[in-house]
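1. can't give you the sequence, but here's the structure:
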């Protein structure tokens, strides 16, 4: 987002995504308004930023996430910013409040002099979209598809999460990522190491990849992790941070003796996974109040502040202990 022409571009892209998901015309109109208002705030207040459009389609319904990201001056009075007719620069002051009313879920995080993230979600389907995880999956600039992929299968007693990074980027990397996703989905009831092994053989017909699989046992409060290659997997519990082990190797080419590693978690714990398109020097504790926010908003923040912008970039977070704000 650099000028007013960027707002129109974001609106057209979001409406195309909404139509592909099957949103009604009236709901697409709401989405168009939300994009215009939230993107306009980036251009007017921060002058530059990014606008992410994340479409998701699943068995229980579809949803469209909109993330307006900037590194501008921030909002000093967030509650007043949502009031109609309130503006710091003389505009009508109805943007944030209008988006909040039109969307099914929305949240804003802002720090003085460190920028603002405004997330809004539009849902479609008989069942609400999953609320315990969030993800940003963005192709490298100039590519139409992303060579990274992810899968989240949350459940009451057992959840499965995976992330894959196909070698390189572009169409062939994306094909490898999709093959891995399909394999994991088909064998999600098996152990983490068995899923890794099955995916290794499935990828022999595509490009190679790095991948990590996490199986969460919510009754025992234990994560079982198995990974090959450079997918970062971190368990955050308040101030405590633990990095899960990933083995050297490449799925589809060189498979080591696959191992599983077990880690405890508690009601505060959050799982963070990201590809190597995102830097590793982040700390959620450096953002006051962030850990209690919705994983989708946090994913947007980590992308904004730590994306390398020279590769595909994917971030996924899951709240392991319950709903997030």
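-> It's in. The structure presented is a predicted model; accordingly, all values stated were derived computationally and were not measured.
2. which SS class is the residue nearest to residue 255 when sequence neighbours are not counted?
-> Leaving aside its chain neighbours, residue 255 sits nearest to residue 200 (4.6 Å; criterion: Cβ to Cβ, 6 or more residues apart in numbering). C-betas here are computed from N, CA, C, even on glycine. Secondary structure for residue 200, judged by DSSP: H, G, I helix; E, B strand; the rest coil, is helix.
3. where's residue 200 relative to residue 207, distance?
-> Shown here: residue 200 relative to residue 207, a distance of 13 Å by Cβ to Cβ, to the nearest Å.
4. How about the contacts made by the residue nearest to residue 255?
-> Residues in contact with residue 200 (Cβ atoms under 8 Å, 6 or more residues apart in numbering) are 228, 251, 252, 255.
5. For the third one, grab phi and psi.
-> Spelled out, it's residue 252. Main-chain torsions, residue 252, degrees, to the nearest 10: phi 100, psi -10.
6. okay, now it: neighbour count?
-> Number of residues near residue 252 (other Cβ atoms under 10 Å) recorded here: 24.
7. Does residue 210 touch residue 230 like I think?
-> Yes: the criterion here is Cβ atoms under 8 Å, and residue 210 meets it with residue 230 at 5.2 Å.
8. Spell out which residues make up each domain of this structure.
-> Split into domains by automatic domain parsing, the chain comes to 4-124, 133-319.
9. right, and residue 132 touches residue 295 too?
-> Yes: Residue 132 sits in contact with residue 295 when judged by Cβ under 8 Å, with a separation of 7.1 Å.
10. okay, the two: which has more neighbours?
-> Using other Cβ under 10 Å, the more surrounded residue of residue 132 and residue 295 is residue 295, with 23 against 20.
11. and that one, what does it touch?
-> By Cβ under 8 Å, 6+ apart, the contact list for residue 295 reads 132, 133, 134, 270, 316, 317, 318, 319, 324.
12. what's the farthest-apart pair in those residues?
-> Across those, no pair lies farther apart than 316 and 324, at 13.7 Å, counting by Cβ to Cβ.
13. Could you check which of these two has the larger neighbour count?
-> With neighbours defined as other Cβ under 10 Å, residue 316 and residue 324 compare such that residue 316 has more, 27 against 21.
14. For the more buried one, grab phi and psi.
-> Backbone dihedrals for residue 316, given as degrees, to the nearest 10, come out at phi -130, psi 140.
15. does the residue nearest to the spatial centre of the chain sit in a helix or strand, and which one?
-> Of all residues in the chain, the one closest to the mean position by Cα atoms, centre = their mean is residue 135, 1.5 Å from it. Assessed by DSSP states H and E, residue 135 sits inside strand 133-138.
16. Neighbouring strands - and their directions - for that strand?
-> Strand 133-138 pairs in its sheet with strand 313-319 (antiparallel), by DSSP bridges.
17. gap between the partner strand and the chain center?
-> The chain centroid and the centroid of strand 313-319 are separated by 5 Å under Cα atoms, centre = their mean, to the nearest Å.
18. again, but for stretch 293-307
-> Relative to the centre of its chain, stretch 293-307 is centred 7 Å away, using Cα atoms, centre = their mean.
19. Stretch 47-64 now?
-> With Cα atoms, centre = their mean, you get 9 Å for stretch 47-64.
20. Show me which residues of that stretch are buried.
-> Residues of stretch 47-64 classed as buried: 49, 50, 51, 52, 53, 54, 56, 61, 62, 63, 64 (neighbour count, 16 or more other Cβ atoms under 10 Å).
21. And the strands in the stretch 51-200 of the chain, which stretches?
-> Along the stretch 51-200 of the chain, the stretches classed as strands by DSSP state E, counting those that start in this stretch are 61-70, 105-111, 115-124, 133-138, 148-153, 158-166.
22. What mean pLDDT does the second one get?
-> Strand 105-111 carries an average pLDDT of 93.
23. What are the contacting residues of it?
-> Residues from elsewhere that reach strand 105-111 (Cβ under 8 Å, 6+ apart): 74-75, 78, 81-82, 96, 99-100, 116-121, 123, 131, 287-290, 293-294, 297, 301, 325.
24. Could you give the bridge partners of the residue nearest to the centre of the chain?
-> residue 316.
25. So for it, what's the pLDDT?
-> Looking at residue 135, its pLDDT stands at 95.
26. cool, the one 5 residues further on as well?
-> Among the per-residue scores, residue 140 holds a pLDDT of 94.
27. Let me see the backbone angles for it.
-> Torsion angles, degrees, to the nearest 10, at residue 140: phi -60, psi 150.
28. Neighbours of it, how many?
-> Residues near residue 140, counting by other Cβ under 10 Å, number 20.
29. where's residue 119 relative to residue 314, distance?
-> Separation of residue 119 from residue 314 (Cβ to Cβ) stands at 17 Å.
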